[in-house]
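> Structure of the sequence below:
(chains A and B)
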Amino acid sequence: MSLKRIDLLICCGSGCVSAGSLKIKEKIQAVLDAKGLLHEINIIETGCMGPCDYGPVMIVYPEGIFYKKVSLDDVEELVEEHFIKGRPFKRLMLQDEEKKAISTQKDIPFYQKQVKVALSNCGYIDPEKLEEYIAQGGYEALGTVLTTMSPKDAIVLAEKSGLRGRGGGGFPTALKWKLASGSKDNQKYVICNGDEGDPGAFMDRSLLEGDPHRVLEGMMIAAYSVNANKGFFYIRAEYPLAIKRIKLAIEQAKEAGLLGKNIFGSKFSFDAEVRTGAGAFVCGEETALIHSIEGLRGHPSAKPPYPSDKGLWGKPTIVNNVETLANLPTIFLKGAEWFSSMGTETSKGTKVFALTGDVKNTGLVEVPMGITLREMIYEVGGGIVDDRDFKAVQLGGPSGGCLTKEHLDVPVDYESLKEKGAMMGSGGVIVMNDSNCMVSIAKFFLEFSVEESCGKCSPCRIGLKQMLDIMERITSGKGVDGDIDELIRLGEAIKQLSLCGLGQTAPNPVLSTIRYFRNEYEEHIREKSCSTSVCLNLMHFIIDKNKCIGCSLCARKCPVNCISGSKEDKFIISQPECVKCGTCMEVCPVKAISKIPQMHPDVKSENERLRKQKENEE
Amino acid sequence: MKTLADLKKIREKAQEEMKLRGGNVRIKIVVGMGTSGIAMGAREVMKAFLEEISQRNLTDVLVTQTGEKGLSSMEPVVDVIIEGEEKITYGNMTPEKVKKVVVEHIVNGKMVSEYVVASGN
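Residues are numbered from 1 along each chain as shown, chains lettered A, B, ... in the order given. Predicted coordinates:
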């Protein structure tokens, strides 16, 4: 192999791949080849680097120059400038507020508040090369644990670290292990829960894609601690790249003797395989997941018995989330004290979040527990897009709740969030600006939960549908007094009576938005008005006569022909017929058309007339 | 792989391969690749360095590049930066001179005075 002078790391996380990073890689290869440079440069596909909003992104070492939004047309110039002439290509570099180019990754504000533990290799190594993981200290923790610690010692270390489940619930990891290790059964299982289902969450996928060996090593440490010799990765079929990479990692580990019989010369033998899920949200619940692996329908069952007692095929089983497992190698390498020095009293270490929504730097971030929402949204996330105001943040997806401006200084840890009506969840963070209608947002999450309810228990199956009916009524302008109380009554009942976590948490988005944005619900119900003009039945378009130039473009483009007028009289929208498509507003050359929050009086009286007519008929 | 020592061996070799990303680098060779440098044959010089270093299996040496250095009349210009020592700048480099620099300076630690055009930072 000839000596290389440049390592070019191209982010090939799913975000950048969909933005075209693979095509860019091919083009770079072709251009380098044409210029006879190919053998001097290492091109490496890495996992997610984090700032997905800037994708496709790449980093060029040894300088560590960070390039963003690279397009096919940029490739020639980039190669010419950086790879031939050796000067950073300014146009593709990030710029700070004074328009000065930011050169290296560590100078980018997005990375500065972050502490990478689980993600430390993600975006830095080639996930398809075992050697690169080993170069970063990979499998050293496993080797040390197997050769110098007893399973009991390992559990004690995990306990001291304070690691809690990263999948949502926050159950202490060591406690789970202890329960399973108590059983004398000689067949036990470890399952890696990779059934990531929250809308807008992609932490587990990124970890499996970007650093699969880390998750595998974590699984083996867990297995050794509870004396299990077989592991399953349960990953949804929508994550083909994650599945491919973890399968490859298993193969490589087997070949290298890191997986199989008597690992590191110890008595510990282990084997792992991948099971793909069909993408049902409920299968993220551990008992449903176990049934799915068994080949049964993915329905949850009542606990107890807990899986640590009777799990997969009736054998003691521990189910740990991807990120939980990914933390283990570093914890065992650097020690429990190192890990527990980060975070708050009850929540130790770091947490990976998928930052999405109306925030400037969307992407994958890892921050110490206890960081405030303000730091996460404004410093890591770079603030709100379009210079609008922050309104709310939804944590924990369809199981979580939203928090508002007054909670911006709440530290992000399991207890603080729960107390405020949200939850850590698996790490989806959806930031919303003031153009969002909270009633519609809550309805969206509720729709998701209704869709994903497995139907086994009635509170969840029937109750959630009842709640959704009320939400639909409210957003379509048919809400009545008492709807809010009914939503709360149903929500509380569903939370208490449902069998599994899905039903127990599904009312949270509605309950938390009622808690913090009750005025919006009341406005929808009483005034028939959606102040953000998101609910189409509770808003209308009007044409400003003073601005209208009578060009008739809106009338010609209107799909339902509800706009009429003339050059002299100007144009007017007939409200009852309007379908609120917004085309008129888009095409108006003088911006004379605007959205008005409130059901139009004409529509209101028309609705009233129809209602009376119906009554009379009956 | 059966022991931690085996793992260490693999790790050391793999770290070698990843040294461009910030590993154990003792010597840095920086070739000036501005327009005038390239016109005077900086690419050939760069290639020669890569080949020489690679052939001799010098693992703690990194070859990289930079833009115009302002010494246009002495192009191609090359900096040799050895950890803990003054930066040495060579001028008017050719692939033949590269061989000599690698043998005498990089391997034996003695700079080739006749090619030096500047020293220090």
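> Could you say which helix or strand holds A:Val450?
Taking DSSP states H and E as the criterion, A:Val450 maps to helix A:438-452.
> What is that helix packed up against?
Secondary-structure packing of helix A:438-452 (3 or more Cβ pairs under 8 Å, 6 or more residues apart in numbering or on different chains; DSSP states H and E): strand A:390-395, helix A:464-475, helix A:508-522. For every residue, glycine as well, the C-beta is placed using N, CA and C.
> Deepest in the core, which of the ones you listed is it.
When the helices and strands packed on helix A:438-452 are scored by mean count of other Cβ atoms under 10 Å in any protein chain shown, the highest mean neighbour count falls to strand A:390-395 (a mean of 24).
> ok, residues contacting the helix or strand that that one is followed by?
The C-terminal neighbour of strand A:390-395 among helices and strands, as given by DSSP H and E, is strand A:401-404. Residues from elsewhere that reach strand A:401-404 (Cβ atoms under 8 Å, 6 or more residues apart in numbering or on different chains): A:373, A:391-395, A:410, A:417, A:420-423, A:432, A:438, A:441, A:508-509, A:511-513, A:515-517.
> So stretch A:110-119, near chain B or not?
No. Using Cβ under 8 Å from any Cβ of the partner chain, stretch A:110-119 stays clear of chain B, with a minimum separation of 14.6 Å.
> Okay, buried residues for that stretch please.
Neighbour counts over stretch A:110-119 (16 or more other Cβ atoms under 10 Å in any protein chain shown) mark A:Phe110, A:Tyr111, A:Lys113, A:Gln114, A:Val115, A:Lys116, A:Val117, A:Ala118, A:Leu119 as buried.
> Where helices are concerned, which of these count?
Using DSSP state H, A:Phe110, A:Tyr111 are the members of those that sit in helices.
> Nearest to A:Asn607 among the buried residues of stretch A:110-119?
A:Asn607 lies nearest to A:Phe110 out of those, by Cβ to Cβ, at 48.9 Å.
> do you know how far the closest residue to the closest one other than its chain neighbours is from chain B?
Ranked by Cβ to Cβ, 6 or more residues apart in numbering or on different chains and with sequence neighbours excluded, the top spatial neighbour of A:Phe110 is A:Asn361, at 4.8 Å. Separation of A:Asn361 from chain B (Cβ to the nearest Cβ, to the nearest Å): 23 Å.
> My read is that A:Asn361 contacts A:Tyr111, right?
No. Assessed by Cβ atoms under 8 Å, A:Asn361 is found out of contact with A:Tyr111, at 9.8 Å.
> So which bits of chain B are right by chain A?
So chain B meets chain A at B:1-4, B:7, B:10-11, B:13-15, B:17-18, B:20-22, B:31-35, B:38, B:43, B:46-47, B:50-51, B:53-54, B:62-68 (Cβ under 8 Å from any Cβ).
> Figure out the length between the terminal residues of stretch A:39-56.
Start-to-end span of stretch A:39-56 (Cα to Cα, to the nearest Å) is 23 Å.
> Does chain B have contacts with that stretch?
Yes. Contact of stretch A:39-56 with chain B (Cβ under 8 Å from any Cβ) involves A:Glu40, A:Asn42.
> Quick one: the helices in chain B, in order.
Using DSSP H, helices in chain B cover B:4-17, B:35-39, B:42-55, B:95-101.
> which residues are contacting the shortest one?
If you take Cβ under 8 Å, 6+ apart as the criterion, helix B:35-39 is touched by A:Ile84, A:Lys85, B:Val31, B:Glu68, B:Lys69, B:Ser72, B:Glu75, B:Pro76, B:Val77.
> would TSV of the buried residues of stretch A:110-119 with pLDDT be doable?
Listed next are these as TSV, based on pLDDT from 0 to 100:
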residue	pLDDT
A:Phe110	85
A:Tyr111	85
A:Lys113	86
A:Gln114	89
A:Val115	90
A:Lys116	91
A:Val117	93
A:Ala118	94
A:Leu119	93
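> A:Thr330 and A:Ala141 touch, don't they?
Yes. With contact defined as Cβ under 8 Å, A:Thr330 reaches A:Ala141; the gap is 7.4 Å.
> And these two? Which one has more around it.
More neighbours surround A:Thr330 than the other of A:Thr330 and A:Ala141, with 24 against 21 (other Cβ atoms under 10 Å in any protein chain shown).
> Now do the helix or strand following the helix holding A:Val450: distance to the chain's middle.
Moving toward the C-terminus from helix A:438-452, the next helix or strand (DSSP H and E) is helix A:458. Here the centre of helix A:458 is set off from its chain's centre by 29 Å, with Cα atoms, centre = their mean, to the nearest Å.
> Over to A:Ile596: give its phi and psi.
Reported as degrees, to the nearest 10, the phi and psi values for A:Ile596 are phi -120, psi 120.
> how many other residues sit next to it?
Quick note: A:Ile596 (other Cβ under 10 Å) scores 12 neighbours.
> now it, which residues is it bridged with?
A:His540 (DSSP bridges).
> My guess is it contacts A:Phe541. True?
Yes. Judged on Cβ under 8 Å, A:Ile596 makes contact with A:Phe541 at a distance of 7.3 Å.
> what sits against residue 105?
Since no chain was named, I'll use chain A. Counted by Cβ under 8 Å, 6+ apart, A:Gln105 has contacts A:Ile59, A:Gly64, A:Phe66, A:Tyr111.
> switch to chain B, that's the one I care about
Taking Cβ under 8 Å, 6+ apart, one finds B:Val80, B:Ile88, B:Met111, B:Val112 in contact with B:His105.
> residue boundaries of the helices in the stretch 201-350 of chain A?
Secondary structure of the stretch 201-350 of chain A by DSSP state H, counting those that start in this stretch: the helices cover A:203-210, A:212-226, A:240-255, A:286-293, A:322-334, A:336-340.
> now, which of the contacts of A:Gln105 sits nearest A:Gly298?
A:Tyr111 (38.3 Å).
> residues touching the closest one, list them.
A:Gly50, A:Gln105 are the contacts of A:Tyr111 under Cβ under 8 Å, 6+ apart.
> Over to the one 10 residues further on?
Residues touching A:Asn121, when contacts are defined by Cβ under 8 Å, 6+ apart, comprise A:Gly47, A:Glu132, A:Tyr133, A:Gln136, A:Gly138, A:Gly210, A:Asp211, A:Arg214.
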